[in-house]
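**Q** output the structure for:
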Amino acid sequence: MGEVSIDNVSSALGLQTSQQNQGSAVKTSPESKPKKKICCACPDTKQLRDECIVQHGEEACAKWIEAHLKCLRAEGFNI
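**A** The predicted model follows:
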């Protein structure tokens, strides 16, 4: 009675470690700095946005502007 197998203990420790790692990853990701400069991030969406603005004006390019902002946010920029 009261015996705990080694498999159960290692599984419990592995689960606990996994949960701790997930929690710390969530906490540090919003505070982490982007790996690239903003001028170098998302070159594809930046080019499409810029070409559209030059040809059609800013008002007509909301779709491309938002796509570029979404890409920058995904890269870690707070805009």
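**Q** only C-alpha atoms from now on, for both contacts and neighbour counts.
**A** Will do.
**Q** which other residues reach whatever helix or strand residue 47 lives in?
**A** Counting by DSSP states H and E, the element that carries residue 47 is helix 43-56. With Cα atoms under 8 Å, 6 or more residues apart in numbering as the contact definition, helix 43-56 has outside contacts at 58, 60-61, 64-65, 67-68, 71.
**Q** angle of the following helix or strand past that helix against helix 43-56?
**A** Of the helices and strands lying after helix 43-56 in sequence (DSSP H and E), the nearest is helix 62-74. If you take axes from the mean of the first three to the mean of the last three Cα atoms, to 10 degrees, helix 62-74 sits at 160 degrees to helix 43-56.
**Q** from here on, count from 329
**A** Shifting the count to begin at 329 puts that one at helix 390-402.
**Q** got a list of contacts for helix 390-402?
**A** 366, 369-370, 373-374, 376-377, 380, 407.
**Q** can you tell me which of those residues are buried?
**A** 369-370, 373-374, 377, 380 (16 or more other Cα atoms under 10 Å).
**Q** domain ranges for this structure?
**A** Recorded structural domains for the chain (assignment: automatic domain parsing) are 329-360, 361-407.
**Q** looking at these, which one has the lowest mean pLDDT?
**A** Of all the domains of the chain, the minimum mean pLDDT falls on domain 329-360 (a mean of 45).
**Q** and of the buried ones among the contacts of helix 390-402, the nearest to residue 361?
**A** residue 369 (13.0 Å; Cα to Cα).
**Q** for residue 389, give its distance to residue 370.
**A** 17 Å (Cα to Cα, to the nearest Å).
**Q** for stretch 373-392, buried residues please.
**A** Under 16+ other Cα under 10 Å, the buried positions of stretch 373-392 are 373-374, 377-378, 380-381, 389, 392.
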